[in-house]
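K.L.:
The sequence and its predicted three-dimensional model are supplied below.
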Amino acid sequence: FGWTVVRIKNRMRKPTGGGWADVLLNLTKNDDNHKFICELQLVHKKMLVTREELGGHDAYDDFRTAGEFLELVQEKTEAGVAADLERQLAEARKNRDGKKC
């Protein structure tokens, strides 16, 4: 029986942008035919206190949500710019009066 480590993410060496530091272990149980992956999070007690008792996790959630929102806005903006360029190109092709672009 036992467990197999399938991934280790050491955020003690390189914390997240929000300052969170931990070690994540992704594991599978050796006798599990489906190889369901579970996660074990190892965290320093002081980080856990900050997260749980001092509202650090709420601040992290806000930080992460803001980051995800900015990524979405950037993707939409880039998509909008690309769509606008496509429209301009189509218009230029339509109006080129027989000239090649």
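P.N.:
Perfect, I can see it now.

K.L.:
which residues sit in contact with the residue positioned nearest the centre of the chain?
P.N.:
What sits nearest the mean C-alpha location of the chain, by Cα atoms, centre = their mean, is Glu68, with 7.6 Å. Not one residue lies near Glu68 by Cβ atoms under 8 Å, 6 or more residues apart in numbering. Bear in mind the C-beta positions are built from the backbone N, C-alpha and C, glycine included.

K.L.:
before we move on, which element is it in?
P.N.:
helix 56-94 (DSSP states H and E).

K.L.:
pLDDT (mean, whole number) over that helix?
P.N.:
On average, the pLDDT along helix 56-94 is 72.

K.L.:
Gly41 and Leu24 touch, don't they?
P.N.:
Rather than Gly, residue 41 is Gln. Yes: with contact defined as Cβ atoms under 8 Å, Gln41 counts as touching Leu24 (5.6 Å).

K.L.:
And those two? Which one has more around it.
P.N.:
Neighbours per residue (other Cβ atoms under 10 Å) separate Gln41 from Leu24, with Leu24 holding more: 14 against 11.

K.L.:
Which strand residues bridge the more buried one?
P.N.:
Leu24 has these beta-bridge partners by DSSP bridges: Lys9, Gln41.

K.L.:
Now do the contacts for it.
P.N.:
Taking Cβ under 8 Å, 6+ apart, we find Leu24 in contact with Arg7, Ile8, Lys9, Arg11, Glu39, Leu40, Gln41, Leu42.

K.L.:
what would the residues you listed look like in a markdown table with distance to Arg87 and pLDDT?
P.N.:
A markdown table is the format used below for the contacts of Leu24 (distance: Cβ to Cβ, whole Å; pLDDT from 0 to 100):
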| residue | distance to Arg87 | pLDDT |
| --- | --- | --- |
| Arg7 | 44 | 95 |
| Ile8 | 48 | 95 |
| Lys9 | 43 | 93 |
| Arg11 | 44 | 89 |
| Glu39 | 45 | 93 |
| Leu40 | 51 | 94 |
| Gln41 | 48 | 90 |
| Leu42 | 52 | 91 |
